[in-house]
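Novice: Please work out how this folds:
(chains A and B)
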2 protein chains.
Amino acid sequence: MTASQGPSPSRSRGGETNARSDQPARAAVVEAAIQCILERGLYRASSNAIAERAGVTWGAIQHHFGSREALMLAVLEEGNDRLRRLLAAAEIGGGTVEERVAAYLGVLDAYYGSREYLAFMQVLLTLAHDPRTSEQTLATMQRITGSVDADLHRLAGEVLAGTGADEATLGPLLFHALRGMAMSHVMISANPPAYGAGRAAEFATQNELLVQAIGLLLAPRTGRFES
Amino acid sequence: MTASQGPSPSRSRGGETNARSDQPARAAVVEAAIQCILERGLYRASSNAIAERAGVTWGAIQHHFGSREALMLAVLEEGNDRLRRLLAAAEIGGGTVEERVAAYLGVLDAYYGSREYLAFMQVLLTLAHDPRTSEQTLATMQRITGSVDADLHRLAGEVLAGTGADEATLGPLLFHALRGMAMSHVMISANPPAYGAGRAAEFATQNELLVQAIGLLLAPRTGRFES
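Specialist: So this is what the prediction gives:
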């Protein structure tokens, strides 16, 4: 297997610049860790369980990552990378304000409404408060914030174009309201199966109504945010 | 230490009806577990760390709960109990639609926007997918849904009173949009300190704008939801 066949080695990772040929193996282990966390929760996603799922030995994982903490930091980076790539590729053009809000919700929902986000969330919650990893976690979160902020501003600007709305105030509203909706929905899927099943239609209606509500807030005819 | 000095023994718990005198000790252990999860993440909140923080032996914890899994189920139940009590005590009366939406957001934010919710979230994510606990977790979640649904409907009805809005459709929108906002905000506090600091004022503005948006959606003058 060559590097080009595996998941794309999007960028060199800290301290691993000489290990590009290891990227597919690294990526497979990170993916195994994510699936393991989703299947049994972070607490039960032990080093052994992850190695077993990846079909490698824990020794091989140690070779790539050094420690379970370092592997979990790689999981967090993978999540952040997915968000970064998603936002970088997103474009919101044309249509009514309401259509553009809906499009932005779709973008955020693809990440924050995914089951994988539940794994990244667990990892962040744990790493951020563990004295052994909090410093590196902060550095990672600051790096990713730096790399997604520009795209978030761009997308908010595209949504708000022509409304006269103040992007500095309305951009963060869009982000938190739309991301929150996605998070609230995906938390239901965290419940055991059967509890959260069959909600897709309800979620679609709720998304539509939130988009309508924000559309009304942004409609230039309200005059609220005209410059 | 007497019972009155400990955390209040809120209620009898399932299967422990003969152990009421143990309630303060149980509650103190559950509280220690919550704080331990918040300080170091669920993965590092080991049985020993929780026992140390509670100032008791792991043997004493085993006496009350039997296993770490059972203790974590008790943490989940404590979270659900807090939500249940909060909703049961809440009343949204009078004022404009916007004021009532804001009041409902305040109620949901007190739970879903609290740091403790981040601990309950981690526990739910782990227990729900652990084969050893998923069945009990489902039972717990179904029990709590049964006990909070009536209050959620009542509160949504109070918010929507006089708008002619369809509670079956708009009630869930209110819940997910408002809870989501609280969740999105509290996730920022999950980042290492310094990263999420100083956001309170921004959050207040975002809450206000979301309330305005939903208020516009619900305003009877739009005619959308008149019966």
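Novice: In contact with the nearest residue to A:Tyr43 once chain neighbours are set aside, which residues?
Specialist: Spatial nearest neighbour of A:Tyr43, chain neighbours left out: B:Thr126 (4.8 Å); criterion: Cβ to Cβ, 6 or more residues apart in numbering or on different chains. For every residue, glycine as well, the C-beta is placed using N, CA and C. B:Thr126 makes contact with A:Arg40, A:Gly41, A:Leu42, A:Tyr43, A:Arg44, A:Gln122, B:Leu42, B:Met72, according to Cβ atoms under 8 Å, 6 or more residues apart in numbering or on different chains.
Novice: which secondary structure element contains B:Thr126?
Specialist: helix B:115-129 (DSSP states H and E).
Novice: now that helix: mean pLDDT?
Specialist: Helix B:115-129 carries an average pLDDT of 91.
Novice: Mind giving me the packing neighbours of whichever strand or helix holds A:Phe175?
Specialist: Using DSSP H and E, A:Phe175 falls within helix A:167-189. Secondary-structure packing of helix A:167-189 (3 or more Cβ pairs under 8 Å, 6 or more residues apart in numbering or on different chains; DSSP states H and E): helix A:97-112, helix A:115-129, helix A:134-160, helix A:200-218, helix B:167-189, helix B:200-218.
Novice: Specify the angle between it and helix B:200-218 in degrees.
Specialist: The directions of helix A:167-189 and helix B:200-218 differ by 80 degrees, with axes from the mean of the first three to the mean of the last three Cα atoms, to 10 degrees as the criterion.
Novice: do you know how far A:Ala128 is from chain B?
Specialist: The gap separating A:Ala128 from chain B is 5 Å, by Cβ to the nearest Cβ, to the nearest Å.
Novice: now swap in A:Val29 and tell me
Specialist: The value you get for A:Val29 to chain B, if Cβ to the nearest Cβ is used, is 18 Å.
Novice: so that residue makes contact with A:Arg68?
Specialist: No: using Cβ atoms under 8 Å as the test, A:Val29 is too far from A:Arg68 to be in contact (11.3 Å).
Novice: got JSON lines for the contacts of B:Thr126, with distance to A:Asn80 too?
Specialist: Shown next, in JSON lines, are the contacts of B:Thr126 (distance: Cβ to Cβ, whole Å):
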{"residue": "A:Arg40", "distance to A:Asn80": "23"}
{"residue": "A:Gly41", "distance to A:Asn80": "21"}
{"residue": "A:Leu42", "distance to A:Asn80": "17"}
{"residue": "A:Tyr43", "distance to A:Asn80": "22"}
{"residue": "A:Arg44", "distance to A:Asn80": "24"}
{"residue": "A:Gln122", "distance to A:Asn80": "14"}
{"residue": "B:Leu42", "distance to A:Asn80": "21"}
{"residue": "B:Met72", "distance to A:Asn80": "28"}
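Novice: picking that back up, of the helices and strands packed on helix A:167-189, which is nearest A:Glu78?
Specialist: Proximity to A:Glu78 (Cβ to Cβ) singles out helix A:115-129 among the helices and strands packed on helix A:167-189, at 7.9 Å.
Novice: Kindly report the domain assignment for chain A.
Specialist: A:1-66, A:75-227 (automatic domain parsing).
Novice: Any buried residues in the helix holding B:Thr126, and which?
Specialist: For helix B:115-129, the buried set under the neighbour-count rule, 16 or more other Cβ atoms under 10 Å in any protein chain shown, comprises B:116-129.
Novice: In TSV, list the residues you listed along with distance to A:His185.
Specialist: Formatted as TSV, the buried residues of helix B:115-129 follow (distance: Cβ to Cβ, whole Å):
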residue	distance to A:His185
B:Glu116	22
B:Tyr117	16
B:Leu118	18
B:Ala119	21
B:Phe120	18
B:Met121	14
B:Gln122	18
B:Val123	20
B:Leu124	15
B:Leu125	15
B:Thr126	20
B:Leu127	20
B:Ala128	16
B:His129	18
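Novice: by contact count, what packs against the one helix or strand A:Asp81 maps to?
Specialist: Under the criterion of DSSP H and E, A:Asp81 resides in helix A:68-89. Using 3+ Cβ pairs under 8 Å, 6+ apart as the contact test, the elements touching helix A:68-89 are helix A:23-40, helix A:47-54, helix A:58-65, helix A:97-112, helix A:115-129, helix A:134-160.
Novice: Fine, thanks again, bye for now.
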